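# predicted structure and sequence below. I'll ask about it afterward.
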Amino acid sequence: MSLQNLILKIFVGITYQKKQRCSWHHLENCWEATNFAFAGGAIGVISTAGFAWKYSRSLHGAGLCFVEGAVFGWTFGQEIANHWYQLYRLDTMAAQVKFLEWWENKCQRS
């Protein structure tokens with residue numbers, strides 16, 4: 001993702017939040033959930049790649065375990081954060097539909 005796309009996403013998200021008066025509490029919890037996912041990914045990378053390197057001394061095997069550990073760790077971190085912050089209670093589909101309707105109305109006015 002380029003820096004321009006990231007800035008655009010942040011800008012659109014902030015303007016949408018101001019228009020719709022979203023709960024900052026939910027947004028903060030979603031941002032905090034990424035920290036759990038990042039930590040899970042780091043733990044997964046270190047443990048699986050280190051274990052593979054220790055017992056096989058195979059560079060390609062350790063590399064594959066590095067990627068696999070990152071994916072699995074990230075996923076487990078997301079699940080832990082989902083339950084820790086009770087994000088499963090949020091109706092994400094309704095929020096996405098509402099955002100897409102807002103985006104469509106915004107584009108039609110331009």
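Ah, there it is.
# what packs against the helix or strand hosting residue 45?
Residue 45 belongs to helix 24-56 when elements are defined using DSSP states H and E. Applying 3 or more Cβ pairs under 8 Å, 6 or more residues apart in numbering; DSSP states H and E, one finds that helix 24-56 makes contact with helix 59-84. (Each C-beta comes from the backbone N, C-alpha and C, glycine too.)
# return the distance of the helix it packs on from the chain's centre.
Its chain's C-alpha centre and that of helix 59-84 lie 13 Å apart, by Cα atoms, centre = their mean, to the nearest Å.
# returning to that earlier point: chain center to the helix holding residue 45: distance?
The answer for helix 24-56 is 11 Å, by Cα atoms, centre = their mean.
# what pLDDT, on average, does that helix get?
Across helix 24-56, pLDDT averages out at 85.
# ok, stretch 80-91 next?
81.
# how long is that stretch from one end to the other?
18 Å (Cα to Cα, to the nearest Å).
# what residues of that stretch count as buried?
81-82, 85, 87 (16 or more other Cβ atoms under 10 Å).
# pull out the buried positions in the helix holding residue 45.
29, 33, 36-37, 40-41, 43-45, 48-49, 52-53.
# also stretch 52-69?
52-53, 62, 65-66, 69.
# with only the CA atoms kept, save that stretch in PDB.
The C-alpha trace of stretch 52-69 is given here as PDB (Å, rounded to 0.1, in the frame of the first residue of the first chain):
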ATOM      1  CA  ALA A  52      12.900 -24.900  12.500                       C
ATOM      2  CA  TRP A  53      16.400 -23.400  12.400                       C
ATOM      3  CA  LYS A  54      17.500 -25.100  15.600                       C
ATOM      4  CA  TYR A  55      16.500 -28.600  14.500                       C
ATOM      5  CA  SER A  56      17.000 -28.500  10.700                       C
ATOM      6  CA  ARG A  57      19.500 -25.800   9.900                       C
ATOM      7  CA  SER A  58      17.700 -25.500   6.600                       C
ATOM      8  CA  LEU A  59      17.400 -21.900   5.300                       C
ATOM      9  CA  HIS A  60      14.400 -22.500   3.100                       C
ATOM     10  CA  GLY A  61      12.600 -24.500   5.800                       C
ATOM     11  CA  ALA A  62      13.200 -21.700   8.300                       C
ATOM     12  CA  GLY A  63      12.000 -19.200   5.800                       C
ATOM     13  CA  LEU A  64       8.800 -21.000   5.200                       C
ATOM     14  CA  CYS A  65       8.300 -21.400   8.900                       C
ATOM     15  CA  PHE A  66       9.000 -17.700   9.300                       C
ATOM     16  CA  VAL A  67       6.100 -16.900   6.900                       C
ATOM     17  CA  GLU A  68       3.800 -19.600   8.400                       C
ATOM     18  CA  GLY A  69       4.500 -18.400  11.900                       C
END
